[in-house]
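**Student:** Need the 3D shape of this:
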Amino acid sequence: MTLATNQTMSVSNTIQMQLREYCQNPDMGLALTNYAKEHQAYNHPLFEALRTKQISRASAGRLLKNYDAHASHLRRLLLKAATIMPESAVGYILENVRNEYGNGVDSERHQLQLQDVAFSTGVSPQDYRNFSVERAVKKFIKAVTPLYFPIEQHTAKHAPLFNEQTSSFSKAAIAAGAITATELMAVEEFKALQIAFRQFDLQDHIWFDHVRVEEEHSGDSIALALYFLNKHQSFEAVEFGLKGVLNANMHLYDGLLATLTDK
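**Tutor:** So this is what the prediction gives:
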């Protein structure tokens, strides 16, 4: 199999219909999901590779180290995003945050579960620490940060074009769209990852309970986006965050795909 990389450049505007048009459907939650599924991120070659490719132990370690890097950054961004939400919208985020951090039990943090998958394949803790984070994953991290935390003090310095493009948008609604895109794609990611790790007999590892957990949280994140769509009619702001993260995920998936090639 030839592993395609650098898919991002061709998809900067792959969704042609505006979110407002999609949401003419009475079931706005379904419309929001269908809108996201039009994006090329849903068909990135990473998913086919995870479902079909034989993965070496070293590749599995690199894959999980890079997934760890992106997930760790998103957890912190989620905490920041909660600080800019209206009081009535904060609750949509808090359950997700608490679950990520083990519901108050440090040993049950999702990061530790992920790392245990890596160690269970035979990767040593030292090798895991030494695996590098792919450049494309770092691009993803840079791209999603202003979408989750689009306050002017940050974006004016680090993302001036972003600041100009979103000057009239609700910043909390942008973050809501960003969170929604992440949660919708996480369901697809974990389904494919669970298939990939069957070859290590790890498909029943507790970390893959994320398949259920992320499906539950995708409902929460859609509810968060719908809060801004129904209550504030913030279609353009939600769309900006949603599409921005889907575009950024193309970088993430390029980086994860690169880890599956033995080096």
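
**Student:** What segments of this structure are helices?
**Tutor:** Along the chain, counting by DSSP state H, helices occupy 19-22, 28-37, 45-52, 57-83, 87-100, 110-120, 125-130, 135-148, 152-158, 160-165, 171-196, 210-232, 235-258.

**Student:** who wins for proximity to Leu202 among the ones you listed?
**Tutor:** helix 110-120 (5.7 Å; C-beta to C-beta). From N, CA and C alone the C-beta is placed, and that goes for glycine too.

**Student:** pLDDT averaged over that closest one - what is it?
**Tutor:** Averaging pLDDT along helix 110-120 yields 97.

**Student:** That helix - contacts with which helices or strands?
**Tutor:** Packing partners of helix 110-120 (3 or more C-beta pairs under 8 Å, 6 or more residues apart in numbering; DSSP states H and E): helix 57-83, helix 125-130.

**Student:** Just put those in JSON lines and tack on distance to Arg51, mean pLDDT and mean neighbour count.
**Tutor:** Listed next are those as JSON lines, based on distance: least, C-beta to C-beta, whole Å; pLDDT from 0 to 100; neighbours: other C-beta atoms under 10 Å:
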{"stretch": "helix 57-83", "distance to Arg51": "14", "mean pLDDT": "97", "mean neighbour count": "20"}
{"stretch": "helix 125-130", "distance to Arg51": "24", "mean pLDDT": "98", "mean neighbour count": "11"}
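
**Student:** Any chance of those in JSON lines with distance to Asp116 as columns?
**Tutor:** Shown next, in JSON lines, are the helices and strands packed on helix 110-120 (distance: least, C-beta to C-beta, whole Å):
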{"stretch": "helix 57-83", "distance to Asp116": "10"}
{"stretch": "helix 125-130", "distance to Asp116": "11"}
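
**Student:** Out of those, the one nearest Ile174 is which?
**Tutor:** Nearest to Ile174 among the helices and strands packed on helix 110-120 is helix 57-83 (9.5 Å), distances taken as C-beta to C-beta.

**Student:** Dump the helices of the chain to TSV, plus distance to Gln203.
**Tutor:** As requested, the helices of the chain are exported to TSV (distance: least, C-beta to C-beta, whole Å):
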stretch	distance to Gln203
helix 19-22	35
helix 28-37	25
helix 45-52	12
helix 57-83	13
helix 87-100	21
helix 110-120	10
helix 125-130	20
helix 135-148	24
helix 152-158	40
helix 160-165	39
helix 171-196	5
helix 210-232	10
helix 235-258	18
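
**Student:** Of those helices, which shows the lowest average pLDDT?
**Tutor:** helix 152-158 (a mean of 61).

**Student:** that older thread, between the helices of the chain, which gets nearest to Asp204?
**Tutor:** Closest of those to Asp204 is helix 171-196, at 8.9 Å (criterion: C-beta to C-beta).
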